[in-house]
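1. Need coordinates for the below:
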Amino acid sequence: MEILFVSSGNTKNGISPIIHNQGTSLRKLGHDVSFFTIKGKGLKGYLRHIFILRKFLKKKSYDVVHAHYSLSAMTASLAGARPLVVSLMGSDVKASPLLSKLIKLFQTIFWKKVIVKSADMKASSKITKAKILPNGVDFEKFKPISRGEALEVTGWDPKKKHILFAANPKRPEKNFPLAEAAFELLGDSGIELHTLVDIPNELMPHYFNASDVILLTSLWEGSPNVIKEAMACNCKIVAVDVGDIKEVIADTPGCFISNFDSNTFSNQIRKALEYTNKTTGRAKIAHLNAKVIASKLTTIYNNILN
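-> Presented below is the predicted three-dimensional model:
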């Protein structure tokens with residue numbers, strides 16, 4: 001099957017690793033996947049690429065065009081991409097009432113199938129026919145490795161414990177102040193708090209495996225891949241109940257759900273630090289293996305074509 005992925009290419013490393021990894025998983029099933037990236041932030045960049053993508057599509061036809069994020073999907077829609085599958089992310093349905101209205105309009109007129117990442121996202125989008133399909137995790141890349149090897153890559157102090165805030169603290173929706181306040185309440189100089197800024201995706205397994213606890217304090221999420229990737233590495237996790245966090249973590253020993261109170265969150269971190277074993281997270285999310293998700297995505301494409 002000839003598939004074209006359309007997405008933003010504005011991150012430091014170009015295309016989002018989540019989107020690139022999904023394309024790679026489809027290639028492993030034998031599909032021919034190409035990538036078209038929209039470069040240039042703001043409305044101007046997306047509008048300009050309507051004409052660039054239209055010209056691109058005249059040179060080659062595809063069985064399916066799959067756009068990731070709503071703005072990329074709107075660009076693809078106006079460029080004449082058909083049939084169009086659209087993956088919405090948490091920021092699409094949680095951030096802006098105006099964007100939500102535009103999404104409802106475009107999905108009615110242009111989009112053949114809408115994919116959301118969690119039941120919470122489907123409820124927020126109010127698109128009753130949306131298909132729930134989380135992003136998968138590359139189990140070949142994200143896996144348990146020795147702490148010593150991981151610490152050597154990260155350069156962290158092997159004599160200390162390490163807590164990883166698995167996001168860029170400058171993004172307000174990631175709610176770093178809660179993580180910072182909870183960390184301060186621990187009052188332990190033998191523990192260090194780290195954040196993720198411009199870490200290449202291929203190094204992320206080392207950062208997960210070097211960490212004693214992974215934190216997620218977001219105000220909202222769809223289906224955060226960082227938590228699923230940490231689960232695949234059998235990491236201990238403390239997270240607030242947003243998106244599909246509770247469903248993914250489930251009853252995994254060593255993983256804890258908290259509310260947004262800093263004292264409660266800090267106490268959950270203490271419980272995670274006291275849990276001395278690796279978790280069974282990898283086994284818990286076997287159904288989210290990228291190979292499984294790619295197969296389900298192929299079924300969605302085939303249903304559209306048939």
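2. Please point out which parts of stretch 127-136 sit buried.
-> By 16 or more other CB atoms under 10 Å, the buried positions in stretch 127-136 come out as 127, 130, 131, 133, 134, 135, 136. For every residue, glycine as well, the C-beta is placed using N, CA and C.
3. how far away is the first one from residue 116?
-> Taking CB to CB, to the nearest Å as the measure, residue 127 falls 7 Å from residue 116.
4. do the fifth one as well
-> Applying CB to CB, the value for residue 134 to residue 116 is 9 Å.
5. How about the third one?
-> In this structure, residue 131 and residue 116 are separated by 7 Å, where distance is defined by CB to CB.
6. which stretches of the protein form strands?
-> 2-8, 32-38, 64-68, 84-87, 113-116, 131-132, 161-165, 191-195, 213-216, 237-240, 255-258 (DSSP state E).
7. now these in TSV, with distance to residue 58 and mean pLDDT?
-> Putting these into TSV (distance: least, CB to CB, whole Å; pLDDT from 0 to 100) gives the following:
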stretch	distance to residue 58	mean pLDDT
strand 2-8	13	96
strand 32-38	13	96
strand 64-68	13	98
strand 84-87	16	98
strand 113-116	24	97
strand 131-132	29	96
strand 161-165	45	98
strand 191-195	44	97
strand 213-216	43	98
strand 237-240	46	98
strand 255-258	50	98
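8. To residue 142, which of these lies closest?
-> With CB to CB as the criterion, residue 142 lies closest to strand 213-216 of those, at 12.1 Å.
9. chain center to the closest one, what's the gap?
-> Centroid separation between strand 213-216 and its chain, computed with CA atoms, centre = their mean, to the nearest Å, is 15 Å.
10. That strand - contacts with which helices or strands?
-> If you count contacts as 3 or more CB pairs under 8 Å, 6 or more residues apart in numbering; DSSP states H and E, strand 213-216 packs onto strand 161-165, helix 225-232, strand 237-240, helix 262-274.
11. quick one: strands adjacent to that strand?
-> In the sheet, strand 213-216 lines up against strand 161-165 (parallel), strand 237-240 (parallel) (DSSP bridges).
12. ok now do residue 270, which residues does it touch?
-> residue 186 (CB atoms under 8 Å, 6 or more residues apart in numbering).
13. again, only this time at 6 Å
-> By CB atoms under 6 Å, 6 or more residues apart in numbering, no residues touch residue 270.
14. what does residue 266 give?
-> Contacts of residue 266 by CB under 6 Å, 6+ apart are 182, 185, 186.
15. what about the nearest residue to residue 285 once chain neighbours are set aside, how many residues close to it?
-> Using CB to CB, 6 or more residues apart in numbering and skipping residues adjacent in sequence, the residue nearest residue 285 is residue 231, 4.9 Å away. Close neighbours of residue 231, defined as other CB atoms under 10 Å, add up to 27.
16. what's the answer for residue 233, then?
-> 25.
17. Which stretches in the stretch 1-150 of the chain count as helices?
-> 17-27, 42-59, 70-78, 90-94, 97-109, 119-125, 147-154 (DSSP state H, counting those that start in this stretch).
18. and for the shortest one, what are the contacting residues?
-> What that stands for is helix 90-94. 70, 121, 124, 125, 220, 221, 222.
19. quick one on the thing from earlier: closest one to residue 140 among the helices of the stretch 1-150 of the chain?
-> Of all the helices of the stretch 1-150 of the chain, helix 17-27 comes closest under CB to CB, at 10.1 Å.
20. Could I get the buried residue list for the closest one?
-> In helix 17-27, counting by 16+ other CB under 10 Å, buried: 17, 18, 19, 20, 21, 22, 23, 25, 26.
21. Can you check what angle separates that helix from strand 2-8?
-> Using axes from the mean of the first three to the mean of the last three CA atoms, to 10 degrees, the inter-axis angle of helix 17-27 relative to strand 2-8 is 180 degrees.
22. roughly how far out does helix 17-27 sit from the chain middle?
-> Distance, centroid of helix 17-27 to centroid of chain: 12 Å (CA atoms, centre = their mean).
23. How about residues contacting that helix?
-> 5, 7, 33, 68, 135, 138, 201, 225, 290, 294.
24. Skipping its backbone neighbours, what lies nearest the fourth one in space?
-> So the one you mean is residue 68. Nearest non-adjacent residue to residue 68, counting by CB to CB, 6+ apart: residue 7, 4.1 Å away.
25. so the one you found touches residue 71, yeah?
-> No - using CB atoms under 6 Å, residue 7 and residue 71 do not qualify as a contacting pair, with a distance of 9.7 Å.
26. Report the separation between residue 125 and residue 55.
-> Going from residue 125 to residue 55 by CB to CB gives 31 Å.
27. Who has more neighbours out of those two?
-> Neighbours per residue (other CB under 10 Å) separate residue 125 from residue 55, with residue 125 holding more: 21 against 10.
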